[in-house]
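Chemist: below: sequence and its predicted model.
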Amino acid sequence: MEQQNLQNWRALVNLVRVAYADGRSLPRAPWDVLDIGSHTGGLLSMFLLSLDRGNVKSLAGVEPILEARKTSGHRLENSSFFGTIEEVPSQSVDIVVSHETIYLVPDLPGWMQELKRILRPTGGAFIALGSHGENDAWLRWKYRLEELYDHKSFEYQPMEILEMGHAAGFDMELSRLFPEPRRSMRYSPPEDGWGEFNSAEEALGHRDKKLVFTFYPKR
Ligand SMILES: C[S@@+](CC[C@H](N)C(=O)[O-])C[C@H]1O[C@@H](n2cnc3c(N)ncnc32)[C@H](O)[C@@H]1O
């Protein structure tokens, strides 16, 4: 999973950097950074690789899989990991990032209330998601994965996510993860229910389906 995600993580960290440089409503670095769905800490490591280390005060993650939390802890100094978002202390985070996780969250309005609780009022959350209701390829995989492995996920519409965030008290922004034209894609045969495309157009357009929802607490 890590290798194919390096470009995605780099693009997400870059989006945070651009938002900061553009004078978006983010606190002055160094930041307390939290990744929700941090798995083994790849995206958090990318934060250290891509930004001046002086911009990061602490790193933390929310990850339900114990083994993955342990691996991240060994990999990253000055870091802490939680099993659920409810365990994260209130008003403790400047920047939240998340990549391909909120489609696994059953109660998204409740999750957004938690996001509001943990994020400092000056902070921002950058939530990347390709697994949503406007991505036809993912919708096919979703149902196949459910049949094959009983893999439970939730079909959220991008507009619905924006509306929920607004109702939860956030100023919402929507970006593409890859704003620059990306016209090449490495072919790999479909496996385990993932990765099958019906056409070249669908395969080339797949990454363009990755959206980033930015949540800024309303002032
Ligand atoms: C598709 S993986 C993405 C992992 C990582 N963000 C990446 O980019 O490789 C989803 C991750 O979210 C975790 N997860 C599932 N439900 C979660 C929840 N409610 N809160 C936080 N993480 C969750 C899973 O254990 C898994 O590590």
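Modeler: Okay, I see it.
Chemist: avg pLDDT for stretch 9-24?
Modeler: For stretch 9-24, the mean per-residue pLDDT is 86.
Chemist: I meant stretch 164-180, not that one.
Modeler: 84.
Chemist: cool, and stretch 78-89?
Modeler: If you average the pLDDT values across stretch 78-89, you get 96.
Chemist: check stretch 195-207 too.
Modeler: 73.
Chemist: start to end distance for that stretch?
Modeler: Taking C-alpha to C-alpha, to the nearest Å, stretch 195-207 runs 12 Å from one end to the other.
Chemist: top helix in the chain by residue count?
Modeler: helix 2-21 (DSSP state H).
Chemist: that helix: which residues count as buried?
Modeler: If you call a residue buried by 16 or more other C-beta atoms under 10 Å, then helix 2-21 has these buried ones: N5, N8, W9, A11, L12, V13, L15, V16, R17, A19, Y20. Where you see a C-beta, it was placed from the backbone N, CA and C, and this is true even at glycine.
Chemist: what's the following helix or strand after it?
Modeler: Once the chain leaves helix 2-21, the next helix or strand it forms, by DSSP states H and E, is strand 31-36.
Chemist: avg pLDDT for whichever helix or strand comes after that next one?
Modeler: Sequence order places helix 42-50 as the next helix or strand after strand 31-36, per DSSP H and E. The average pLDDT within helix 42-50 is 91.
Chemist: hmm, who's touching helix 42-50?
Modeler: 1-2, 5-6, 9-10, 12-14, 17, 33, 35, 38, 56, 59, 61, 72, 75-76, 79, 97, 99 (C-beta atoms under 8 Å, 6 or more residues apart in numbering).
Chemist: out of the buried residues of helix 2-21, who's near the ligand?
Modeler: N5 (C-beta under 6 Å from any ligand atom).
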